[in-house]
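> build me a structure from this.
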Amino acid sequence: MNAVTEPIDNLQSLTSLTVVNATAALERGLAAIKAGQTVFDLRHVLTVDSVAVSVMLAWQRAAQASGVQLQLKNLPPALQSLTKLYGVCSLLFPSDVKLDQDGAAPRIAGHDEFAPVKAPESFFTKKTAVAGDSAEHH
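Take a look at the predicted model:
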């Protein structure tokens, strides 16, 4: 097939993004970016581990180096959790994160489930509390 009739690889056939297939997934993504692909649809990815974040960051770097903006769409919940855990949402989704006037990142509805929760006060917390110490900094 030539480049005109060959379908663009938007990675929809990718079903896992783990250490087992990271190199192959990375190479597929880099080749797709080089061929002009700017949207990767990850809706079929069922299995991920922390290497998935590294692969996506490498794809974003390659896209930026090529002067294009890569859009990663339909990330599975586990992959969304990892990006939030590692604090790389703004690196992976630069168009989705806009700073407020005060410089703080706005609330992203998709990440509400990861918002800090203040635990209710209990007998244990009263007995173990240190004067002047607050758990609010966590």
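> so what sits opposite Lys73 in the bridge?
Asp41 (DSSP bridges).
> just the mean pLDDT for the longest helix belonging to the chain, thanks.
Scanning the chain for the longest helix, with DSSP state H as the assignment, gives helix 51-65. Averaging pLDDT along helix 51-65 yields 95.
> pretty sure Trp59 is touching Gly29, no?
Yes: using C-beta atoms under 8 Å, Trp59 is in contact with Gly29, at 4.5 Å. (Glycine included, C-beta is placed from N, CA and C.)
> give the residues shared as contacts by those two.
Phe40 (C-beta atoms under 8 Å, 6 or more residues apart in numbering).
> can you tell me how far Ala24 is from Ser13?
Distance, Ala24 to Ser13, using C-beta to C-beta, to the nearest Å: 12 Å.
> how many residues are close by Leu75?
By other C-beta atoms under 10 Å, the residues close to Leu75 number 23.
> ok, Thr23 - how many residues close by?
Counted with other C-beta under 10 Å, the neighbours of Thr23 add up to 11.
> that one: what secondary structure?
helix (DSSP: H, G, I helix; E, B strand; the rest coil).
> could I get the phi/psi values of Val45?
The phi and psi torsions at Val45 (degrees, to the nearest 10) take the values phi -70, psi 120.
> how about Gln71?
phi -110, psi 120.
> could you do Gly87 as well?
Dihedral pair for Gly87: phi 70, psi 40, per degrees, to the nearest 10.
> how many residues are close by it?
8.
> OK, contacts around it?
By C-beta under 8 Å, 6+ apart, Gly87 has no neighbours at all.
> so where's this protein uncertain?
For the chain, the stretches with pLDDT under 70 are 1-10, 95-138.
> quick check: neighbours shared by Ala24 and Ser13?
By C-beta under 8 Å, 6+ apart, no residue touches both Ala24 and Ser13.
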